[in-house]
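Undergrad: I need the structure of the sequence given here:
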Amino acid sequence: MIIKRGTFVLITFSAILCASFFQQASGAVISGTSCPSIGKVKIDSGKRYFCVSRNNSLVWNKGINWAAPKPASSPAPTNAPSSPAAEIFKINDRNVGALIWADEFNPAPALDSKIWTARYCGHSASNGGGTCHSNESQYYLPEAVSLDKLGNAAITTKYITTKPSVGSCLGDKCAFTSGRFDTQEKVTFLYGYIEARMKMPVGSGNWPAFWMLGSNISSIGWPNSGEIDIAEGFGNAKTRASSAIHYSTNGAGCCDNHLYDYINYDIGQDYSADFHTYGLAWLPNEISFYVDRKLTLRTSPSTIRSKLWPFNAPNFLILNNAVTYGNGFGGAWNGWQSSEMLIDYVRHYELDGQGKVFRN
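TA: As a prediction, the model looks like this:
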């Protein structure tokens, strides 16, 4: 999402496996128990279980039953793969391979704290890379992030007239509460294909984002750490999404050395009306962005305006919904009282044999 630092602007975004463990009735498959080999699929009581690799072990993981009937307005099947653990597919000219890691956001009391941290506003780099930089109009509260009963993570954004008892707002017109969560210091990623399936919030002023920051941001700062904005939504332009990379021109401190390259992409339909997939194909010296697995932008050291390419190092994932009260990135608030951003899953696959996950 776009972050203003003084007179400079930063666009941002960010993705992730660990499913909630639960038990079925006696004799049923139990998520987390051992399975024979990656790619095996078992159906029990109408539910699909996929054999995945987790912490160097092969275990059953409950998946979504994508074969269930969907409303006529549903996205094309490419938005909802039928077997996340086993599928091998191509995006453009790249081969997507085995599922390395994912969070399916299965129903549970809360986000998995071994993966995610929900944030308050605060500019410290140790606070998820720093939050609420862009004169945004929201308080970030952990309670705004939840898991629903349908297998989604939900960020609920509300218009408020009374200041919350906790947290702070670092912008003007502080009239909203919303949510932000990330994997900093818990799970980091290097290369591969990272994809989230999301339904964007409804209403002008919403500024949803799925993005990444370099894990070294606490030591070298931004923009030296690099930033990868996999997807940002425009609350006032419901058919458009953007992707970007941010980088330094000289390796010095923030911010007049900051440049970014981006794509503003019209998906041809209202992205807040249904789920769509937003993906990052990440290889050494190459970053490409996808919407519904269609290529929108490809970048490399030869395409950027700097000799510095910070993207061959681990990054962590971020998901959030900011709010612009006036004419910011998401447009001006138009009177809505509540909005909701839904994340069905975040998945990390091998890409052309590349892809690593690091757990702290």
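Undergrad: T188: neighbour count?
TA: T188: 21 surrounding residues under other C-beta atoms under 10 Å. Where C-beta positions appear, they are placed from N, C-alpha and C, glycine not excepted.
Undergrad: likewise for the one 5 residues further on?
TA: Taking other C-beta under 10 Å as the criterion, the count of residues near Y193 is 29.
Undergrad: tell me what it is bridged to.
TA: In this entry, Y193 is beta-bridged to A281, Y349, by DSSP bridges.
Undergrad: what residues does it make contact with?
TA: Residues counted as contacts of Y193 (C-beta atoms under 8 Å, 6 or more residues apart in numbering) are I91, R94, V96, G279, L280, A281, W282, H348, Y349, E350, L351, G355.
Undergrad: equivalent analysis for Y290, please.
TA: I91, N92, E195, T277, Y278, G279, L280, A281, T296.
Undergrad: redo those residues as JSON lines? Include distance to G205 and neighbour count.
TA: Formatted as JSON lines, the contacts of Y290 follow (distance: C-beta to C-beta, whole Å; neighbours: other C-beta atoms under 10 Å):
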{"residue": "I91", "distance to G205": "32", "neighbour count": "19"}
{"residue": "N92", "distance to G205": "34", "neighbour count": "11"}
{"residue": "E195", "distance to G205": "27", "neighbour count": "27"}
{"residue": "T277", "distance to G205": "24", "neighbour count": "23"}
{"residue": "Y278", "distance to G205": "20", "neighbour count": "27"}
{"residue": "G279", "distance to G205": "26", "neighbour count": "29"}
{"residue": "L280", "distance to G205": "26", "neighbour count": "30"}
{"residue": "A281", "distance to G205": "31", "neighbour count": "26"}
{"residue": "T296", "distance to G205": "24", "neighbour count": "20"}
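Undergrad: any chance of these in CSV, with pLDDT too?
TA: Converted to CSV, the contacts of Y290 look like this (pLDDT from 0 to 100):
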residue, pLDDT
I91, 90
N92, 87
E195, 98
T277, 97
Y278, 98
G279, 98
L280, 98
A281, 98
T296, 96
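Undergrad: widest-spaced pair of those?
TA: The span of the contacts of Y290, defined through C-beta to C-beta, is set by N92 and Y278 at 15.1 Å.
Undergrad: which members of the contacts of Y290 occur in strands, if any?
TA: I91, E195, T277, Y278, G279, L280, A281, T296 (DSSP state E).
Undergrad: just give me the closest of these to N315.
TA: For the ones in strands among the contacts of Y290, the nearest to N315 is L280 (9.5 Å; C-beta to C-beta).
Undergrad: quick one: the closest one and I245 touch, right?
TA: No: checked against C-beta atoms under 8 Å, the pair L280 and I245 is beyond contact range at 10.0 Å.
Undergrad: who touches both of those two?
TA: Overlap of the contact sets of L280 and I245 (by C-beta under 8 Å, 6+ apart) consists of I228, I287.
Undergrad: I'd assumed G205 was in contact with N321.
TA: No: the pair N321 / G205 is not scored as a contact, 10.2 Å apart, by C-beta under 8 Å.
Undergrad: before we move on, back to that, turn the contacts of Y290 into a markdown table, columns for distance to N334.
TA: Formatted as a markdown table, the entries for those read as follows, by distance: C-beta to C-beta, whole Å:
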| residue | distance to N334 |
| --- | --- |
| I91 | 35 |
| N92 | 37 |
| E195 | 31 |
| T277 | 27 |
| Y278 | 24 |
| G279 | 30 |
| L280 | 31 |
| A281 | 35 |
| T296 | 27 |
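Undergrad: hmm, back to that, using a markdown table, please lay out the ones in strands among the contacts of Y290 together with distance to L342.
TA: Converted to a markdown table, the ones in strands among the contacts of Y290 look like this (distance: C-beta to C-beta, whole Å):
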| residue | distance to L342 |
| --- | --- |
| I91 | 23 |
| E195 | 15 |
| T277 | 13 |
| Y278 | 13 |
| G279 | 17 |
| L280 | 19 |
| A281 | 24 |
| T296 | 22 |
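Undergrad: list just the nearest of those residues to T162.
TA: Y278 (34.4 Å).
Undergrad: tally of neighbours for Q184?
TA: With other C-beta under 10 Å as criterion, Q184 counts 24.
Undergrad: same thing with H123?
TA: H123 has 12 nearby residues by other C-beta under 10 Å.
Undergrad: how close does the residue lying closest to it once chain neighbours are set aside sit to A273?
TA: Spatial nearest neighbour of H123, chain neighbours left out: G130 (4.8 Å); criterion: C-beta to C-beta, 6 or more residues apart in numbering. Relative to A273, G130 is positioned 32 Å away (C-beta to C-beta, to the nearest Å).
Undergrad: before we move on, the earlier item: so which of the ones in strands among the contacts of Y290 is the closest to Q184?
TA: Once C-beta to C-beta is applied, the member of these that ends up nearest Q184 is L280, at 17.4 Å.
Undergrad: ok, the closest one - contacts?
TA: Contacts of L280 (C-beta under 8 Å, 6+ apart): A15, Y193, I194, E195, M212, I228, I230, I287, S288, F289, Y290.
Undergrad: try it again at 7 Å.
TA: Residues near L280 by C-beta atoms under 7 Å, 6 or more residues apart in numbering: I194, I228, I230, I287, F289.
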